[in-house]
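1. need the 3D shape of this:
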Amino acid sequence: MRQITASGQTVEDAVQSALKQLNTSEDQVTVKIIDEGKKGFLGLFGSQPAIVKVSLSDNQLQIAEKYLANVTSQLGVDVEIKTTTKQNEVTFELTGEKIAILIGKRGQTLNALQYLLHLVINRKSNQYYTVVVDAEGYRARRKETLENLANRLAGKAVSTKREVSLEPMPSFERKIIHSVLQNHREISTYSHGVEPNRRVVIKP
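-> Got it, this is the predicted structure:
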């Protein structure tokens, strides 16, 4: 459960400050008033701020963790799941034996798990969450591979003076390609096709 202590001139001000920091809405939290505050003489002298503790429910995260544990168990893989949240991004880090089964060819199985967890978490939530499912550092290794691939194929596009199409990728991987080449002076990039076969094209 994520929680934060905030203060304000009134209880409502303190609650709104906490909601802004947690990037969520009031219906997704529980509020505990620590100090209702005091206005003070003429509203100026001797005033004390209101203090509240606001907790964000982890119910959806717990449901998602249970769902992920069930799916990996059905695949015959015993994993340890570490869940971390940063603002509106939730990361599930998987470790264990037979982890390659969960990654799949070019991360396809891992991407499928990530998509399913995205649906589970956002299904009953008023707050939109981005979901990342990683397995023993695969995402970082894949990012490095894509960056190297992007630079190599950009060079090919420049030397041949022809467009180069990459393999179909999910949107978050295409974003890596676009990002690493965005300041390249000799080429431009765009996405082409329809999901799930949408791909990046590098154009001289």
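2. give me the number of residues near V120?
-> Residues within reach of V120, counting by other C-beta atoms under 10 Å, total 19. The C-beta positions use only the backbone N, C-alpha and C, and glycine is treated the same way.
3. where does this protein have low pLDDT?
-> Regions of the chain meeting the criterion pLDDT under 70 cover residues 1-2, 27-28, 40-46, 56-59, 124-127.
4. tell me how it divides into domains.
-> As assigned by automatic domain parsing, the chain contains the domains 2-56, 59-136, 141-203.
5. stretch 158-176: end-to-end distance?
-> Distances were taken as C-alpha to C-alpha, to the nearest Å; on that basis the terminal residues of stretch 158-176 are 20 Å apart.
6. run the chain-centre distance for that stretch.
-> Its chain's C-alpha centre lies 23 Å from the corresponding centre of stretch 158-176 when counted by C-alpha atoms, centre = their mean, to the nearest Å.
7. what's next to that stretch, contact-wise?
-> Stretch 158-176 is contacted by residues 106, 111, 142-143, 146-147, 149-150, 153-154, 156-157, 177, 186-187, 191-193, 195-204 when judged by C-beta atoms under 8 Å, 6 or more residues apart in numbering.
8. same check on stretch 93-101?
-> Residues from elsewhere that reach stretch 93-101, judged by C-beta under 8 Å, 6+ apart: 72, 75-84, 102, 109, 133-136.
9. which ones among those are found in strands?
-> Secondary structure assignment (DSSP state E) places V79, E80, I81, K82, T83, T84, V133, D134, A135 from the contacts of stretch 93-101 within strands.
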